[in-house]
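>>> Predicted structure and sequence below. I'll ask about it afterward.
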Amino acid sequence: MSLSNQDRKIRVLVVDDSAFMRTIIKNLLNKDPDIEVVGVAVDGYDALEKVKELQPDVVTLDVQMPRMDGLTFLKKQMEIKPIRVVMVSSMTSEGAAITIDALSSGAIDFVEKPSGPLSLDMQKVADEMCRKVKAAHKARIHLPSRLTRETDERPRYQKPETYEAPKKEDEGFKELPTKTANKLVIIGSSTGGPSALMEVIPRLPKDLGAGVVVVQHMPRGFTKSLAERLNRASALYVKEAETGDVILENQVLIAPGGFHLVLSGNKEVKLNTEPPVHGVRPAIDVFIESAAKVFKEHTVGVILTGMGFDGAKGMKLIKELGGKTIAQDEKTSVIYGMPRAVVDMGLADRVAPLDSVSTFIEELLR
């Protein structure tokens, strides 16, 4: 007997502390013929019970909630039974930091509330939210590694009156890189990227001997938190790229959300807001096109998890100029779209599980 259309719908649990937002998100999702909202929850405690009761395919999860916030719920639920989660985030500095930690801890993707925690204009992101719920339903669940768990710093989310800034000696301050790089590692990632980057960047040695640039598909405001989290976990110095930065040995630059990153002939970073490429900005291909021509055979390109085919054209250029390439394998990719494009085109020198990518980067640099 064939399944009915109702049975084939993606079953979604909506978690948000605002009754208004729960209603808006529920109504927007239910307009999609492939999605059915099977329940709502008011906070993390309620969500733990509703997940157990309703067994949803996907959970949309508010970031900032009283009693139990989205990140705490996510970590508890992943310990009980891993689920597919799409965060619904407000772009405050705290909201962005929690969202990045959630993505590093197993959430598949996130949708930004257009105008803060109580957004009356969620219709603006309705299509994006439905698209990401559908993608999450097909995605592999990525469980956080030991590196991710050890980097978690819960005190940052305490109320301001109870928060004490960390002492300088506890912050892991690093000597700033100064030597211009002669070798470059370019890492491109999209859906599932933050958790993948947490598996790769912290495993690279402090004396890598090359500069690293990461192009992660992400909107403006979130990449700074991503860079800060990676910096806390890594031996290399990690920062969000700015115009005027130079590619330095043993430094990782993260392309800022909302900008294309390009490289000048003297290895200096420039940012622009030219139209999106492959529907995204920053685009991996845009950066590779400029950078590979500068570093030529001294380039290692890496394409990690993500939808679409951004990066494939750039990997072809890297190969043509004598550089080396790595693609994440299917088994460890949350979404095997971008790496598949590279592999299917015969452009990957190495096809590697996520925990081996850093080892292959070192090998190919040598």
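On my side now, so go ahead.

>>> Return the set of buried residues in the host helix or strand of residue 269.
Counting by DSSP states H and E, the element that carries residue 269 is strand 269-272. Neighbour-count burial for strand 269-272, counted by 16 or more other C-beta atoms under 10 Å, picks out 269-271. For glycine as for every other residue, the C-beta is placed from the backbone atoms N, C-alpha and C.

>>> One more: stretch 250-264?
Neighbour-count burial for stretch 250-264 flags 250-263 (criterion: 16+ other C-beta under 10 Å).

>>> what do you get for stretch 359-366?
Those would be 360-362, 364-365, for stretch 359-366 by 16+ other C-beta under 10 Å.

>>> where exactly do the helices run in the stretch 201-350 of the chain?
223-233, 284-295, 312-320, 338-344 (DSSP state H, counting those that start in this stretch).

>>> mind putting the buried residues of stretch 359-366 in CSV, pLDDT included?
Listed next are those as CSV, based on pLDDT from 0 to 100:
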residue, pLDDT
360, 97
361, 98
362, 97
364, 96
365, 95
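
>>> Looking at those residues, which are in helices?
Taking DSSP state H as the definition of helices, the buried residues of stretch 359-366 contribute 360-362, 364-365.

>>> Check those against residue 280 and report the nearest one.
Nearest to residue 280, judged by C-beta to C-beta, of these is residue 361 at 23.5 Å.

>>> how close does the closest one get to residue 21?
42 Å (C-beta to C-beta, to the nearest Å).

>>> following the helix or strand bottoming out on mean pLDDT in the chain, which helix or strand comes up?
Every helix and strand of the chain was ranked by mean pLDDT, DSSP states H and E. The lowest is helix 146-151, at a mean of 53. On the C-terminal side of helix 146-151, the closest following helix or strand by DSSP H and E is strand 184-189.

>>> Would you mind getting the angle between that following strand and helix 312-320?
Angular relation of strand 184-189 and helix 312-320 on a 0 to 180 degree scale: 160 degrees, by axes from the mean of the first three to the mean of the last three C-alpha atoms, to 10 degrees.

>>> other SSEs contacting strand 184-189?
Counting by 3 or more C-beta pairs under 8 Å, 6 or more residues apart in numbering; DSSP states H and E, the packing neighbours recorded for strand 184-189 are helix 193-200, strand 211-216, helix 284-295, strand 299-303, helix 312-320.
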